[in-house]
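Peer 1: Sharing a model that was predicted from the sequence below.
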Amino acid sequence: MDNPHCGCKAFLIHKRMTAPPTHPHRPKPAKQSAHHTPPADPPIVSTAMAQAYQRYWRFNLALIAVLLTIGGGVSFAIPFAAGTLNAFHLAGFRLPFYFGAQGAILIYLALIVVYIVLIQRAGRNLRQATDAQSNPTNDT
């Protein structure tokens, strides 16, 4: 055991761990019967579909990265620059106070709305690619 303080049900994440450890006091699972059917192989996906899914997930990860960067900037950059930003006023309040009181929350809500709208658009594009792949039309 790598950690003597680690309980029986908890175990460390380690490069050697690929499966939960077996314990001598736990019974091993019974062997599969002859009637057991193995799980079916996943369906074969065309290259175009694989590229459509890849574009969707790359867009999703890029969108999340951009929105998290904006959210992090609002959360950390404005408080760090509060001394400099005190000269600016918004709605009658100093800018750092406004962002601390309500501006940051409004920006976070706007980021959520932007994510919802853009990911729905990406989902529609993926759905169109899936439909085009499953129902090819002959324009001859």
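Peer 2: Yes, it's here. Numbers count the residues shown, from 1 in each chain.

Peer 1: now the strands for this structure?
Peer 2: 89-90, 93-94 (DSSP state E).

Peer 1: Turn those strands into TSV, including mean pLDDT, distance to Leu61 and mean neighbour count.
Peer 2: The way it works is simple: take the backbone N, C-alpha and C, and place the C-beta from them, glycine included. Converted to TSV, the strands of the chain look like this (pLDDT from 0 to 100; distance: least, CB to CB, whole Å; neighbours: other CB atoms under 10 Å):
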stretch	mean pLDDT	distance to Leu61	mean neighbour count
strand 89-90	80	33	12
strand 93-94	82	36	15
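
Peer 1: Report the separation between Val114 and Ala52.
Peer 2: 23 Å (CB to CB, to the nearest Å).

Peer 1: likewise Ile116?
Peer 2: The value you get for Ile116 to Ala52, if CB to CB is used, is 21 Å.

Peer 1: Please apply the same query to Arg94.
Peer 2: From Arg94 to Ala52 the distance is 48 Å (CB to CB).

Peer 1: which stretches of this structure have low pLDDT?
Peer 2: Applying pLDDT under 70 to the chain flags the ranges 1-35, 136-140.

Peer 1: wait, what's in contact with the residue nearest to Asn86 when sequence neighbours are not counted?
Peer 2: Spatial nearest neighbour of Asn86, excluding adjacent residues (CB to CB, 6 or more residues apart in numbering): Arg94 at 5.2 Å. Shown in contact with Arg94 (CB atoms under 8 Å, 6 or more residues apart in numbering): 85-86, 88.

Peer 1: How far away from the center of its chain is stretch 79-91?
Peer 2: Distance of stretch 79-91 from the chain centroid (CA atoms, centre = their mean, to the nearest Å) equals 33 Å.

Peer 1: what's it in contact with?
Peer 2: 78, 94-96, 98, 100, 103.

Peer 1: go with 6 Å
Peer 2: Residues from elsewhere that reach stretch 79-91 (CB atoms under 6 Å, 6 or more residues apart in numbering): 94-96, 98.

Peer 1: End to end on that stretch, go ahead and measure it.
Peer 2: Length of stretch 79-91, first residue to last, CA to CA, to the nearest Å: 18 Å.

Peer 1: Would you mark the buried spots in that stretch?
Peer 2: Residues of stretch 79-91 classed as buried under the neighbour-count rule (16 or more other CB atoms under 10 Å) are Leu85.
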